[in-house]
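Novice: below: sequence and its predicted model.
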Amino acid sequence: MTGGPERSSPAADPPDRPRPATYYHLARAVLYREYLIFVRYPANAIGGIVVALFFFGVLFYGGRLLAGQALADSLSGIIVGYFLWTLSVGAYSSVSSDIGSEVQWGTLERHITTPFGFAPVALLKGVAKVLRTFLTSAVVLAVMLLLTGTRLSLDPLTVIPVAGLAIASVLGLGFAAGGVTVLYKRIGNWLNLLQFGFVALISAPVLDAPWTRFLPLAHGSAMLQRAMVDGVRLWEFELADLGLLAAVALGYLLGGYVVFHYATRRARRLGVLGDY
């Protein structure tokens with residue numbers, strides 16, 4: 001006789017008992033969701049590529065009529081800058097615009113109630129969209145090279161790490177903007193305005209103004225220009241340059257993550273998390 005109810009041992013649990021989800025399952029689900037969106041809505045994906053190529057066509061042919069040889073001399077740099085700009089816009093909007101859509105659809109609360117927390121889910125969704133943006137931007141880059149007859153160094157072991165760290169800082173800005181979106185809901189005009197500021201960051205004169213290296217995209221853009229135009233390999237960069245690139249990426253990503261966390265926590269305290 002025992003004084004309390006019998007407790008079942010772990011061996012007595014049914015073999016088909018569901019196991020708790022892990023971050024691996026979350027990452028796989030988010031990546032699969034992004035794949036389904038890409039496959040089931042191909043018109044939208046193709047439309048994004050067409051729009052990017054249209055604006056580049058206007059820039060290229062309009063600039064050739066106005067600038068002539070001056071454009072031809074700087075065409076390689078323009079292509080690299082435009083490629084980085086398409087990546088940056090995709091990384092930035094992957095969090096900010098996605099959260100804005102979740103707010104309008106009324107599905108934001110589902111992210112809050114997950115056992116992983118809102119911020120990790122938003123981070124993995126942003127990473128998944130960045131991976132998709134890499135694929136679409138690669139298509140845009142290939143068409144730009146064919147259209148202009150330009151040759152660039154496309155070493156993936158160099159281009160992918162440098163470009164990835166460069167846009168990681170923009171992903172942090174997207175997190176901060178996403179947190180503000182949760183608080184104030186409709187700020188789309190301000191979010192779109194910031195995308196055009198990426199042009200100034202990509203073309204920042206890091207040699208003439210060294211302090212601009214600490215801004216998002218600026219140092220990464222200069223390194224990507226050296227990698228794709230001059231053919232510099234990843235292991236040929238100075239350790240100081242690589243360290244600064246990683247530090248800027250990590251700093252802005254963590255900063256944006258912290259802003260996102262505190263903005264969503266304040267929205268919950270104010271009771272405006274699900275309002276629209």
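Specialist: Great, that's in hand.
Novice: quick check: which element contains L147?
Specialist: In this structure, L147 is located in helix 118-148 according to DSSP states H and E.
Novice: report all helices and strands that that helix contacts.
Specialist: helix 23-40, helix 42-66, helix 75-105, helix 108-112, helix 156-184, helix 239-270 (3 or more Cβ pairs under 8 Å, 6 or more residues apart in numbering; DSSP states H and E). Heads up, the C-betas are built off the backbone N, CA and C, glycines and all.
Novice: nearest to S221, out of these?
Specialist: helix 75-105 (5.7 Å; Cβ to Cβ).
Novice: packing partners of that closest one?
Specialist: helix 42-66, helix 108-112, helix 118-148, helix 156-184, helix 188-202, helix 218-228.
Novice: tabulate these in a markdown table, adding columns for distance to Y82.
Specialist: Formatted as a markdown table, those follow (distance: least, Cβ to Cβ, whole Å):
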| stretch | distance to Y82 |
| --- | --- |
| helix 42-66 | 6 |
| helix 108-112 | 33 |
| helix 118-148 | 7 |
| helix 156-184 | 13 |
| helix 188-202 | 9 |
| helix 218-228 | 11 |
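Novice: weakest of these by average pLDDT?
Specialist: Of all the helices and strands packed on helix 75-105, the minimum mean pLDDT falls on helix 108-112 (a mean of 67).
Novice: tabulate the helices and strands packed on helix 118-148 in a markdown table, adding columns for distance to P205.
Specialist: Formatted as a markdown table, these follow (distance: least, Cβ to Cβ, whole Å):
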| stretch | distance to P205 |
| --- | --- |
| helix 23-40 | 36 |
| helix 42-66 | 20 |
| helix 75-105 | 13 |
| helix 108-112 | 41 |
| helix 156-184 | 17 |
| helix 239-270 | 16 |
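Novice: those: which one's closest to L131?
Specialist: Evaluated over the helices and strands packed on helix 118-148, closeness to L131 peaks at helix 23-40, with 7.5 Å, by Cβ to Cβ.
Novice: give the buried residues for that closest one.
Specialist: 26, 30-31, 34 (16 or more other Cβ atoms under 10 Å).
Novice: what's the closest of the helices and strands packed on helix 118-148 to D230?
Specialist: helix 75-105 (9.4 Å).
Novice: tell me the mean pLDDT for the closest one?
Specialist: 80.
Novice: what angle sits between it and helix 118-148?
Specialist: Counting by axes from the mean of the first three to the mean of the last three Cα atoms, to 10 degrees, helix 75-105 lies at 140 degrees to helix 118-148.
Novice: quick one: buried residues of helix 75-105?
Specialist: Within helix 75-105, the residues scored as buried using 16+ other Cβ under 10 Å are 75-76, 78-100, 102-103.
Novice: and stretch 192-205, by the same measure?
Specialist: Going by neighbour count (16+ other Cβ under 10 Å), the buried part of stretch 192-205 is 198, 201-204.
Novice: can you check stretch 247-266 too?
Specialist: Those would be 248-249, 252-253, 256-257, 259-260, 263-264, for stretch 247-266 by 16+ other Cβ under 10 Å.
Novice: closest to I160 out of the residues you listed?
Specialist: Taking the buried residues of stretch 247-266 together and measuring to I160 by Cβ to Cβ, the closest member is A249, at 13.5 Å.
Novice: surely the closest one is in contact with A163?
Specialist: No. Counting by Cβ atoms under 8 Å, A249 sits too far from A163 to count as a contact (10.9 Å).
Novice: which residues are in contact with both of the two?
Specialist: Shared contacts of A249 and A163 (Cβ atoms under 8 Å, 6 or more residues apart in numbering): G220.
Novice: nearest to A240, of the helices and strands packed on helix 75-105?
Specialist: In terms of Cβ to Cβ, the element of these nearest to A240 is helix 218-228, at 10.8 Å.
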